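1. Turn this into a model:
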Amino acid sequence: MMKKLMFILPLLGAICCGPRQNRNHTDLDISVGQEKETPIYYKELDGEWNDTCEVFHFWADYDGNDYLFDAPTERQIESWKKLCEEKNPFKSGNKDGVPNGYRNMNQYVTAHDLIELWFHDDSYRKDLELTLWRLRQYDWDQVYEPDSEYDRFYYLNNTIQELCAYEPGVQFEYNLWAWLTASLQEVYTELMVREAIRHASPPVAKALADEEQAYQSYHSKVFEAFKMIDGDKDGFDGSAWGMAISGILKDDAEQRETSFADFYFALTDSLDYEVRHRRSVIGSYELKKQAPYTQEKVLKEYRRFMGSFKDDGYHYPVPKRKKALLNEMEAWKKWMRSREAVSSLLSGLCKEAYDNATNNACRFKYIMLKNCYAGYGITSDDVLELIIPYTASDEELNGPNFIERWNEHFAPTGQP
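-> Have a look, this model is predicted:
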C-alpha cells in the first residue's frame, strides 16, 4: 500500500448527546486535597485562562446510586485517586495551562489520566471498574436514570464520545488520542460481554466466555497481521504509525460491538423484533438486518486479499504477509465456530438476535477485507475515494477490492 500522504483530522465537532441534567458546581460534594476554585475545573475554555491556570486533579463524591454499574468501595476510590495522581502528576504551583484543543481542564486531566494509566502498565487497561469510576468522575454533571440496558450503555457511550472529542496539538498527541479512542471502544465491548455473562444461564455464560476468548485471540491476530501487511520491512513506519495501528483496532472493536449488541439487548431488555421498539428513556432501538453474508463469503475475500499481494521495495516479503493474514483468518474461523457453539444453546428471541449479529459482523469484516486494510492513519484523497464505507449498500459491495480498484484507476503505475 502507498505511503501515507495527508492527515485526516478526526471529527471533533459537535456530538449528539443524550438527555442531560446539569447540576450547579455547588450541588456536588467535592473532595480536594488543597483549596481550589471549583468552577474552573469544569469551565469551558475561553482562550485566555488556559495559558496561565494551574492544572490539578479534582474529585467529586457520589453515592451508590450515581453509578451506571457496580458502585466501588471507599477503599477502591481512595486507591484510584492516589493512582491517578501518581501516574499523571501536576506539580503544585506550576501553571502549565490546558491546551486549546481541550474543552476544559476536566477533559484534559481525565484523558491523560487514562493515557498514563494504560500505556505504561497493561494491567490497568483490563481493570474495568477503575475505568468506569474514572469515566464517572469525568461525567460529573450527568444524572443517570437508565430505564433499560440499552439506556445504560447509551450513557456510557455518550461519555466516551464526549471525552474523546478534543483536538491534539502535535503528531505524538494524535497517536495517543487514537490509542485512547480505540482502547475505550474495546472497553465498551468488553464490558458488554461481561454483563451478558452475568445475565446468562450457566451453560450460555460458559459458551460466551469461550467466545470472548476466541474473539480476543482473533483481535490480537488482526494487530499482528496489519503490522506485517502495512508495515515497512526496514522499520521506517513513520511518525503516524500509531494512528494507523489504532485505527484498524478500533474498527475491529466496532465489529465486535456489531457482533454482540443485538444479542445483549435481546437477552436483557427482551427486544421485540416485530414492532422493533421498546420502552426507553433515550428512545427506540431498531434491529438492523442485512442481506446474508456467509462465513464462506468472508473467507473467499480473505483469499482474494492474499492473492493481491505483490513484492515491492518497502513492504515485507509476500510469503510473510500471506502467513500473517492466514493466521488471522484461522483465528477468525475459530471465533466463528465459538459463535456457532453459543447459538446452539439459544432459542427464540435471543437466538434470532445472536444469529443476526453474527451476520452483521460477517458483513463488517467483509468490508474491512474488501478495503484491504487501507485508509488508516495518514492517507491521501486518492485512497479515501476508493475506500468502501461501512454504510455502503449491498449493491456497492459487489466488484473489485481496494487494490484491484487502485490498479484499475492508476494503471500502469500500480501499487498503493
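2. Ranking helices and strands of this structure by mean pLDDT, which lands last?
-> None of the helices or strands of the chain scores lower by mean pLDDT, DSSP states H and E than strand 29-31, at a mean of 43.
3. any idea which helix or strand comes after it?
-> helix 38-42 (DSSP states H and E).
4. Return the alpha-carbon coordinates of that following helix using PDB.
-> Output in PDB follows, covering the C-alpha atoms of helix 38-42 (Å, rounded to 0.1, in the frame of the first residue of the first chain):
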ATOM      1  CA  THR A  38     -14.300  24.500  42.000                       C
ATOM      2  CA  PRO A  39     -15.800  26.100  38.800                       C
ATOM      3  CA  ILE A  40     -12.500  26.500  36.900                       C
ATOM      4  CA  TYR A  41     -12.100  22.700  36.700                       C
ATOM      5  CA  TYR A  42     -15.300  22.400  34.600                       C
END
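5. Can I get stretch 177-189 in PDB? Just the C-alpha atoms.
-> What follows is stretch 177-189, C-alpha atoms only, in PDB (Å, rounded to 0.1, in the frame of the first residue of the first chain):
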ATOM      1  CA  TRP A 177      -5.600  10.200  21.100                       C
ATOM      2  CA  ALA A 178      -6.000   7.400  18.500                       C
ATOM      3  CA  TRP A 179      -4.900   4.800  21.000                       C
ATOM      4  CA  LEU A 180      -7.200   6.200  23.600                       C
ATOM      5  CA  THR A 181     -10.300   6.100  21.400                       C
ATOM      6  CA  ALA A 182      -9.500   2.600  20.200                       C
ATOM      7  CA  SER A 183      -9.000   1.400  23.800                       C
ATOM      8  CA  LEU A 184     -12.200   2.900  25.000                       C
ATOM      9  CA  GLN A 185     -14.100   1.200  22.200                       C
ATOM     10  CA  GLU A 186     -12.500  -2.100  23.300                       C
ATOM     11  CA  VAL A 187     -13.500  -1.300  26.900                       C
ATOM     12  CA  TYR A 188     -17.100  -0.700  25.800                       C
ATOM     13  CA  THR A 189     -17.500  -4.100  24.200                       C
END
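6. How far away from the center of its chain is that stretch?
-> Distance of stretch 177-189 from the chain centroid (C-alpha atoms, centre = their mean, to the nearest Å) equals 4 Å.
7. Can you pull the domain assignment for the protein?
-> Domain ranges of the chain: 22-141, 168-416, per automatic domain parsing.
8. Highest mean neighbour count out of the ones you listed?
-> domain 168-416 (a mean of 18; mean count of other C-beta atoms under 10 Å). The way it works is simple: take the backbone N, C-alpha and C, and place the C-beta from them, glycine included.
9. Low-confidence regions, the stretch 1-150 of the chain specifically.
-> Where the stretch 1-150 of the chain drops to pLDDT under 70, the residues are 1-38, 46-51, 92-94.
10. And for whichever helix or strand Ser79 is part of, what's in contact with it?
-> Element membership of Ser79, judged by DSSP H and E, is helix 74-87. Residues from elsewhere that reach helix 74-87, judged by C-beta atoms under 8 Å, 6 or more residues apart in numbering: His57, Trp59, Pro72, Asp113, Glu116, Leu117, His120, Tyr124, Glu129, Leu130, Trp133, Arg134.
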